[in-house]
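K.L.:
Sequence plus the predicted model coming up.
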Amino acid sequence: MTRNVTLRMDDELLTELQHRAVDAHMSLSAWLTTMIRSMVPPASDVDDARERAIRRMDSGFHLGGTPLSREELHVR
């Protein structure tokens, strides 16, 4: 189901967008929908990226060097 959305923009931008839609042989609405869809990744891609990031955080990061002892950490 499609729904209507109201956008506010200046006349120059609207004119430019209308020209781009005409160049693509599309209505302004169809052209904007295509542009927005190309910028929004599918939900499954976002979910996959989130899970990969969580796995990386759970496994930790090796930053090099050797671990410090408690005494070394609290030397004054």
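P.N.:
Sure thing, it's come through. Numbers count the residues shown, from 1 in each chain.
K.L.:
what kind of secondary structure is residue 68 in?
P.N.:
coil (DSSP: H, G, I helix; E, B strand; the rest coil).
K.L.:
any idea of the pLDDT on it?
P.N.:
Looking at residue 68, its pLDDT stands at 85.
K.L.:
Longest helix in the chain, please.
P.N.:
Secondary structure of the chain per DSSP state H: the longest helix is helix 43-59.
K.L.:
And the next helix or strand past that one?
P.N.:
Next helix or strand after helix 43-59 toward the C-terminus (DSSP states H and E): helix 70-73.
K.L.:
and for the longest helix of the chain, what are the contacting residues?
P.N.:
Outside helix 43-59, not one residue touches it by C-beta atoms under 8 Å, 6 or more residues apart in numbering. Every C-beta, even on glycine, is put in place using the N, C-alpha and C of the backbone.
K.L.:
Please spell out which residues along it are buried.
P.N.:
Residues of helix 43-59 include none that count as buried (16 or more other C-beta atoms under 10 Å).
K.L.:
pLDDT averaged over that helix - what is it?
P.N.:
The predicted model assigns helix 43-59 a mean pLDDT of 88.
K.L.:
Measure how far that helix is from the centre of its chain, please.
P.N.:
In terms of C-alpha atoms, centre = their mean, to the nearest Å, the centre of helix 43-59 is set 14 Å apart from its chain centre.
K.L.:
repeat for stretch 69-76
P.N.:
On C-alpha atoms, centre = their mean, the centre of stretch 69-76 falls 42 Å from the chain's centre.
K.L.:
Now do the end-to-end distance for that stretch.
P.N.:
14 Å (C-alpha to C-alpha, to the nearest Å).
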